[in-house]
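**Student:** Provide a 3D model corresponding to the input given below.
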Amino acid sequence: MKRSQINEAIKRAEADFRSIGFALPAFARWDPELWAKGGDAVEQLIATGHGWDITDFNEGRFLEKGLLLFTMRNGHVEGGDGNRPYAEKIMISRKDQLTPMHTHHHKIEDIIHRAPLVEGATLAVKLYASDETGALSRDLPVRTYLDGIKTGFEPGHVLQLAPGQSITLFPGTFHAFWGHGGDVVIGEVSSVNDDKTDNIFAEPLARFSDIEEDAPIYRPLVNDHLRAPVLSCG
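**Tutor:** Numbers count the residues shown, from 1 in each chain. So this is what the prediction gives:
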């Protein structure tokens, strides 16, 4: 992705979050210089993957296949004294913008339709179970929970989540999602999140995108902190 495209996506998301009255934490507004100063607080946020996250899965088609996320809360995968055993994200799926089919080794998550950005838009979620090898199964039924109520679906079923509605996804439940009929704001509440190692895609994909630095950084991404020298850009 181009940095200019990432910058515009974040600015648009900031305006969208404001439009529904959703306030992000203060570190959402930190500039590259503040992140680069380091210190204990910054190091804690970086170590647990807090912050902006935009991906096109390295395919260069962000509006067709991509996702914008912001990690607000997260603990350490390895645990430890005082560790938070949970995570929370806020996301935006644009109309027909696909987050491709995937599951997780360890993470249990609730995906929540927080708010439509276009009246009548729903959050579409397509579901498959996995077989005994961990691969996507086109034959086995899917067992899950809707708003805490146990339910089941045929393989490949597409749910249309209304605003406020949620689905619980367990390890091994393959899922893809997108905004149906318009853009939607999505919440995620889960066990500790590890995007470096805990994503299993049904097709070969990269979780993080390579970035073409064609503009100064507006807000650093989670994966920018793995490439610290780039924070001096701009």
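
**Student:** tell me the SS of residue 13?
**Tutor:** helix (DSSP: H, G, I helix; E, B strand; the rest coil).

**Student:** what bridges to the residue nearest the centre of the chain?
**Tutor:** The chain has residue 69 as the residue nearest its centroid, 4.4 Å off, counting by Cα atoms, centre = their mean. Per DSSP bridges, the residues bridged to residue 69 are residue 53, residue 91.

**Student:** Can you give me every residue that contacts it?
**Tutor:** By Cβ atoms under 8 Å, 6 or more residues apart in numbering, the contact list for residue 69 reads 52, 53, 54, 89, 90, 91, 188. Every residue, glycine included, has its C-beta placed from N, CA and C.

**Student:** where's it relative to residue 91, distance?
**Tutor:** Using Cβ to Cβ, to the nearest Å, residue 69 is found at 5 Å from residue 91.

**Student:** Also residue 102?
**Tutor:** 14 Å.

**Student:** now do residue 174
**Tutor:** From residue 174 to residue 91 the distance is 18 Å (Cβ to Cβ).

**Student:** again with residue 51
**Tutor:** 13 Å.

**Student:** what touches both of the two?
**Tutor:** Going by Cβ under 8 Å, 6+ apart, residues that sit against residue 51 and also against residue 91 are residue 70.

**Student:** mind listing what's buried in stretch 148-159?
**Tutor:** By neighbour count on 16 or more other Cβ atoms under 10 Å, the buried set for stretch 148-159 is 153, 155, 159.

**Student:** what's the average pLDDT for that stretch?
**Tutor:** Per-residue pLDDT over stretch 148-159 has a mean of 97.

**Student:** Kindly check the end-to-end length of it for me.
**Tutor:** 15 Å (Cα to Cα, to the nearest Å).

**Student:** repeat for stretch 127-135
**Tutor:** 13 Å.

**Student:** In that stretch, which of the residues would be classed as buried?
**Tutor:** Those would be 127, 128, 129, 130, for stretch 127-135 by 16+ other Cβ under 10 Å.

**Student:** ok, the third one - contacts?
**Tutor:** What that stands for is residue 129. By Cβ under 8 Å, 6+ apart, the residues touching residue 129 are 136, 137, 140, 141, 142, 143, 155, 172, 173, 174.

**Student:** quick check: mean pLDDT across the helix or strand hosting it?
**Tutor:** Applying DSSP states H and E as the criterion places residue 129 in strand 122-130. Averaged over strand 122-130, pLDDT sits at 98.
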